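Q: what follows is a predicted protein model with its sequence.
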Amino acid sequence: MPSGARPPKEESKRKKNTTKPWDAEGPKKRGGGKQKKAESFLYHCYPDGVGPDTDLISMLEKDVLDKNPQVSFDDIADLDDAKNTLQEAVLLPILMPHYFKGIRRPWRGVLLFGPPGTGKTMLAKAVATQGKTTFFNVSASSLASKWRGESEKLVRILFEMARFYAPSVIFIDEMDSIASKRSSNEHEANRKVKSELLIQMDGANVASSAGGDEKLDESERGKSVLVLAATNRPWDLDEAIRRRLEKRIYIPLPTEEGLRQLFKINLKGIRGGEDISISELLKKCKGFSGADIAILCREAAMMPMRRKLASGKVNFYELAKMEKELDVPIELQDFKEALKNISKSVSKDNLLDYAKWMDEFGCK
Ligand code: ADP
């Protein structure tokens, strides 16, 4: 609890959130009006709205607390193994806390690692959406830079907030930027953030503390805080942090079937999209990430406009007034043109590095 906040005994008086994860409406804790105010973390800490950490808490509520990630597992192509593992590691412990105790206690942390643009953030959001948990979306690089000096305190408040809104998922993107391996010239502030992170991860999940969970009642067990971290550079991670990210899941480049699904997802609702012969594109898109395919489809969808401009018959102002003329079905040729501008973003060497790390530290 931030200094100056209410003493712990007040916490036990707070009305328990009785919403179950499987309720269709999801948590109702941030409804509106008086209820919204009374159930916000800021109000919980400072009922009159003033306190030493008001600014930090407000910033976290504004920038980091994502009340509505709204991503479904169906929006994500491929990655069936990762989806299954995440459902078991994150969702089931929330749904059936009575089972996930003792040796079966939930994981303390889960790491998603792999090349950039393969769907790690989407997976984290889908987990939070499906589990109807509160989602904290933290970009570690902005934590390290934007909040330098206050980062350590911020980490502590972040976890306190997550416990308040539990069950919660704290998603830390680019984990390597705050939790890299120790080095001799490491900045003192970095070291402090890392140790705070370790302390908080050890205490994050009331339900998973080794051995002690038998004494917890049912409502406490359901109040888990899971740290879900992502990185493109798993080999840079600090060992102690890596150990606490007990489940380490590789999120690879899409398979051929994955590429097909990605085209379908990206071309949904685009005129002519259903008629595109995806098979013809697959060979040219080998090694593309999900993000590369999204960019390719966006480029291709803009080709009719570019053709109009290139014809020299219209200028920008005339183009801006056109609607029907530009609403032409997308064609295979548009993709072939777009492919001249877009190429894959992940190198083969990089893939070898991931495979090696997966062999050494990854979980199937
Ligand atoms: P990462 O976190 O791995 O860097 P993101 O989850 O942020 O990647 O994905 C970036 C974008 O790429 C998404 O917004 C989406 O358009 C696309 N994308 C990547 N992977 C997938 C996937 N498996 N299914 C659907 N879209 C994807």
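A: Received the coordinates, thanks. Numbering: from 1, shown residues only.
Q: what residue ranges in the stretch 101-250 of the chain score low on pLDDT?
A: For the stretch 101-250 of the chain, the stretches flagged by pLDDT under 70 are 144-148, 204-223.
Q: so who does whichever residue of the chain sits closest to the ligand touch?
A: For the chain and the ligand, the shortest gap (C-beta to the nearest ligand atom) falls at Gly290, measuring 2.2 Å. Quick note: C-beta positions are derived from backbone N, CA and C, even for glycine. Under the criterion of C-beta atoms under 8 Å, 6 or more residues apart in numbering, the neighbours of Gly290 are Ala77, Gly117, Thr118, Gly119, Pro254, Gly258, Leu262.
Q: please, a ChimeraX command that selects the buried ones among the residues you listed?
A: Buried residues within the contacts of Gly290, by 16 or more other C-beta atoms under 10 Å, are selected in ChimeraX with:
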select :77,117,118,119,254,258,262
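Q: isn't Asp202 up against Arg243?
A: No. Taking contacts as C-beta atoms under 8 Å, Asp202 lies outside contact range of Arg243: 10.9 Å.
Q: and the gap between Pro252 and Tyr354?
A: 7 Å (C-beta to C-beta, to the nearest Å).
Q: sorry, slip of the keys, the one I care about is Glu325.
A: According to C-beta to C-beta, Glu325 stands 46 Å off from Tyr354.
Q: same question for Ala189.
A: From Ala189 to Tyr354 the distance is 30 Å (C-beta to C-beta).
Q: cool, and Glu88?
A: Following C-beta to C-beta, the distance that separates Glu88 from Tyr354 is 23 Å.
Q: can you pick out the residue with more neighbours from the two?
A: Tyr354 (22 against 13; other C-beta atoms under 10 Å).
Q: nearest residue to the more buried one in space, please, no chain neighbours.
A: Leaving aside its sequence neighbours, Tyr354 sits nearest to Gly114 (C-beta to C-beta, 6 or more residues apart in numbering; 6.0 Å).
Q: next: Ile270.
A: Leaving aside its chain neighbours, Ile270 sits nearest to Ile330 (5.6 Å; criterion: C-beta to C-beta, 6+ apart).
Q: that neighbour and Leu267 touch, don't they?
A: Yes. In this structure, Ile330 is within contact of Leu267 by C-beta under 8 Å, at 7.3 Å.
Q: which neighbours do the two share?
A: Common contacts of Ile330 and Leu267 (C-beta under 8 Å, 6+ apart): Gly273, Ile276.
Q: which ones are touching Leu42?
A: Applying C-beta under 8 Å, 6+ apart to Leu42 gives the contacts Gly49, Thr54, Ile57, Ser58, Glu61.
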